[in-house]
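1. Generate coordinates for the sequence data below:
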Amino acid sequence: MQVNAHPLQLEFCSSISDIPAADWNRLAQPYPSPFLEWEWLAALERSGSITPQNGWQPYHAVLRRAGRITAVAPLYLKSHSMGEFVFDFAWADVAEQMDIPYYPKLVGMSPATPSVCFRPLIDPAEEASEVTTTLMAGVHGLLEELELGACAFNYVEPSFADELEQHGYIRWKHQNFIWRNPGLRDFSDYLSLFRKNQRRNIRRERASIAQQGLEIRILQGAELTEELLRLMNVYYRNTNDQFGPWAARFLSNQFFPLLAETSAREFTERSIVLVAAYDSKAGPDPVALSFLVRKGKLLFGRYWGSAGFYENLHFELCYYAPIDWAIAEGIQSFDPGIGSAHKVRRGFMAVPNYSMHLFRDPRMNALMGMHIDRINAMEQQQIDGLNEMLPFTRPS
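-> Reported below is the predicted structural model:
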């Protein structure tokens, strides 16, 4: 391999605004996930959702060669584990019992976004292994310099997880859901995959929407007004209010409106999809919204909420209408987000995802390494058990 005369230079930035959007997106836009694009991460920071005051101190990695940005990675110093959706609280408890610091820790991920996407964004002209080695040397230096308890990379892209294992990281398996399009022509094709009873249940659930006087519309592009995005914020908060201390309210009131601003407008019109339910008896505004993000042939469900209860409306806005639209658009896969097993009844498969962990104290590395195979095997049993519940007549 030819040695480059200009070595990689690594620095860490305390705000994504310190990194030019054009440079970041030159690396992010070829990558399949929308959640590593500059506009998404900037909206999280600028809205006050992801801030040091909320336990997320941005510490983004920027690698340059001869002054040109050739790789970036979104990193955060964390004082807690909320908003990661990896649920490592048991490991934190073990560390506390052993009088080993667990926090602060360094986390790599798209914040509050449980979608498999994390990896460094690398210029294709660079040697990926050299970038990873340089980044890991810097990260491991931070563990010592800042006396961090741990480093974790969450919802890691599988090939990057393989690379991290070569640097001593421990792979922890988790479960999420995915719908994959096997080349369906329409929603009737989708229904044909299910056993008779579930086909009837889905038809009944979809029919109940019209019976309640609701009309479903897909909104994109210029239709995504600031007023609609402000309403999405209201419904997002309504949903979280139902769950009290178990809510996942990590977005501020400013997050959704920020997506309508000029700096994010191109991203919003290209990437955001709202599924809206209208009730003519309730006025001109939607009575419920689901918020999805699209990139290329991939679709991601993120948030939903409503003005009140409508039977089966959650299933329609979060699963059936998006799948119906995805088939028409030639979408290849739909990630609905983590959560309830009722997704299996709608055709979403359980699949594994991984977080990668390294502790500054070798005792924690030894402890996790001693038990992780059994933990991962139990998680795989959970995944297999969920998939045994898929109500298909034939493999999809």
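
2. all contacts plus neighbour counts: C-alpha atoms, from now on.
-> OK.

3. can you map out the strands along the stretch 151-300 of the chain?
-> 170-180, 214-219, 272-279, 288-295, 298-306 (DSSP state E, counting those that start in this stretch).

4. what lines up beside the fourth one in the sheet?
-> Translated: strand 288-295. Partners of strand 288-295 in the sheet, by DSSP bridges, are strand 272-279 (antiparallel), strand 298-306 (antiparallel).

5. who wins for proximity to Ser14 among these?
-> Closest approach to Ser14 among the strands paired with strand 288-295 is made by strand 298-306 (26.2 Å; Cα to Cα).

6. what does the next helix or strand after the closest one rub up against?
-> Sequence-wise, the next helix or strand downstream of strand 298-306 (DSSP states H and E) is helix 313-315. The contact list for helix 313-315 (Cα atoms under 8 Å, 6 or more residues apart in numbering) reads 205, 209, 304.

7. hmm, 7 Å instead?
-> Ile209 (Cα atoms under 7 Å, 6 or more residues apart in numbering).

8. mind checking how far it is from the chain centre?
-> Relative to the centre of its chain, helix 313-315 is centred 21 Å away, using Cα atoms, centre = their mean, to the nearest Å.

9. Stretch 314-326 now?
-> With Cα atoms, centre = their mean, you get 18 Å for stretch 314-326.

10. in the chain, what spans have low per-residue confidence?
-> Within the chain, the segments meeting pLDDT under 70 span 1-5, 244-247, 394-396.

11. domains of it?
-> 8-176+352-388, 182-331 (automatic domain parsing).

12. end-to-end on the longest one?
-> Yep, that's domain 8-176+352-388 we're talking about. 48 Å (Cα to Cα, to the nearest Å).

13. Arg206 and Arg346: what is the separation?
-> 12 Å.

14. for Ser15, same thing?
-> Ser15 is 40 Å from Arg346, by Cα to Cα.

15. quick one: Tyr155 and Gly339, what's the gap?
-> 15 Å.

16. Enumerate every residue touching Gly48.
-> Ser252.

17. quick one on the thing from earlier: Arg206 and Arg346: which is more packed in?
-> In this view Arg206 and Arg346 are compared by other Cα atoms under 10 Å, and Arg346 has more residues nearby, 23 against 17.

18. Report how many residues lie close to the residue nearest to that one when sequence neighbours are not counted.
-> Distances taken as Cα to Cα, 6 or more residues apart in numbering put Tyr319 closest to Arg346, at 7.3 Å, once the chain neighbours are dropped. Neighbour count of Tyr319, defined by other Cα under 10 Å: 20.

19. sorry, back to before: just so I know, which of the strands paired with strand 288-295 lies nearest Met364?
-> strand 298-306 (33.5 Å).

20. Do I have it right that His6 meets Leu63?
-> No. Using Cα atoms under 7 Å, His6 is not in contact with Leu63, being 12.0 Å away.

21. Those two: which is more packed in?
-> Using other Cα under 10 Å, the more surrounded residue of His6 and Leu63 is Leu63, with 21 against 10.

22. what sits up against the helix or strand encompassing the more buried one?
-> Here Leu63 sits within strand 60-65, counting by DSSP H and E. Strand 60-65 is contacted from outside by 6-14, 69-76, using Cα under 7 Å, 6+ apart.

23. Adjacent strands (with direction) for that strand?
-> By DSSP bridges, strand 60-65 pairs with strand 8-13 (antiparallel), strand 68-73 (antiparallel).

24. and it, C-alpha only, in PDB?
-> Listed next in PDB are the C-alpha coordinates belonging to strand 60-65 (Å, rounded to 0.1, in the frame of the first residue of the first chain):
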ATOM      1  CA  HIS A  60     -17.500  15.200  16.800                       C
ATOM      2  CA  ALA A  61     -14.400  13.700  15.200                       C
ATOM      3  CA  VAL A  62     -13.000  15.400  12.100                       C
ATOM      4  CA  LEU A  63     -10.100  13.900  10.200                       C
ATOM      5  CA  ARG A  64      -8.200  16.000   7.600                       C
ATOM      6  CA  ARG A  65      -5.500  15.200   5.200                       C
END
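
25. Only the buried residues of that strand, if you could.
-> Neighbour counts over strand 60-65 (16 or more other Cα atoms under 10 Å) mark 60-65 as buried.

26. And stretch 256-264, by the same measure?
-> So, applying 16+ other Cα under 10 Å, buried residues of stretch 256-264: 256-260, 264.

27. cool, and stretch 141-153?
-> Buried residues in stretch 141-153 (16+ other Cα under 10 Å): 143, 148-153.

28. Nearest to Pro52, out of these: which one, please.
-> Among the buried residues of stretch 141-153, and counting by Cα to Cα, the member closest to Pro52 is Leu148, at 15.7 Å.

29. Let me see the contact set for the closest one.
-> 103-105, 360.

30. out of those residues, which are inside strands?
-> Lys105 (DSSP state E).
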